[in-house]
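[1] this one's structure only:
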């Protein structure tokens, strides 16, 4: 009889708390909105100069500067430097647009002039690239530190030292890659480490909630408790598969179930005693 009563309470609580999971994912980088200053130019194409054709060396120098500007610009966009340092981005972008609008490789002199304009834009982008990477990783470092501290405060060192060590390894990998100049690889690892710390914090919350009810739930609400344990176990399965967003999602769902079980048990105890 007491199991039926607790089970009825839990059904009501599940309806109230709404056991629906919300998937949390981490973005994989910049997509969508075009950065400011990248609109197609409306400048009129200048009249072509007359004179000797450019040499192979002059064309090589021209292409090298175009490539240098494009590489630095793409890196800035990848790390959202246009949002981190908008005025610097606009200044560099203006130089790039000017170089593009006035590009003329019809003669030796016009090619050298065009090369100089692209060189100025490349210099500006490379300076901005360095500033962008510094600002981006300063922000990411602060966010990672907060996430790691939250996991430790939730009991990671005591209850899940192996999971904390896995997260720290990925974090260290990000640092190594950054030091070797693999900035995209460092970005990927930093985002993964952040997802791991966040999932670990939520998982530890579910673990703590389970420990608070396990001594009574196995007797008073075994069926519901078993279902909660299945969800909790699926969180670790997702972690082991490298799907940290799903691990966090399932852990949050399990936490809600354990909490509802605890509320139901408290209601039963209050009624009976």
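    Received the coordinates, thanks. Remember, predicted model here, so these are calculated numbers, not experimental data.

[2] If you rank every helix and strand of this structure by mean pLDDT, what lands last?
    Every helix and strand of the chain was ranked by mean pLDDT, DSSP states H and E. The lowest is helix 2-17, at a mean of 43.

[3] where does the stretch 151-273 of the chain have low pLDDT?
    273 (pLDDT under 70).

[4] Now do the helices in it.
    Assigned helices in the stretch 151-273 of the chain, in chain order: 156-159, 161-179, 183-220, 222-240, 244-272 (criterion: DSSP state H, counting those that start in this stretch).

[5] among those, which is nearest residue 109?
    helix 183-220 (37.5 Å; Cβ to Cβ). No exception for glycine: its C-beta is placed from N, CA and C like everyone else's.

[6] In the closest one, which residues are buried?
    The neighbour-count check on helix 183-220 (16 or more other Cβ atoms under 10 Å) flags 183, 186-207, 209-210, 213, 216-217, 220 as buried.

[7] likewise stretch 230-240?
    Per 16+ other Cβ under 10 Å, stretch 230-240 contains these buried residues: 231, 232, 234, 235, 238, 239.

[8] For the residues you listed, give me JSON lines that also has distance to residue 264.
    Listed next are those as JSON lines, based on distance: Cβ to Cβ, whole Å:
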{"residue": "231", "distance to residue 264": "17"}
{"residue": "232", "distance to residue 264": "17"}
{"residue": "234", "distance to residue 264": "22"}
{"residue": "235", "distance to residue 264": "22"}
{"residue": "238", "distance to residue 264": "27"}
{"residue": "239", "distance to residue 264": "28"}
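
[9] quick one on the thing from earlier: let me have the helices of the stretch 151-273 of the chain in TSV, extended by distance to residue 70.
    Compiled in TSV, the helices of the stretch 151-273 of the chain are given as follows (distance: least, Cβ to Cβ, whole Å):
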stretch	distance to residue 70
helix 156-159	43
helix 161-179	23
helix 183-220	16
helix 222-240	39
helix 244-272	33
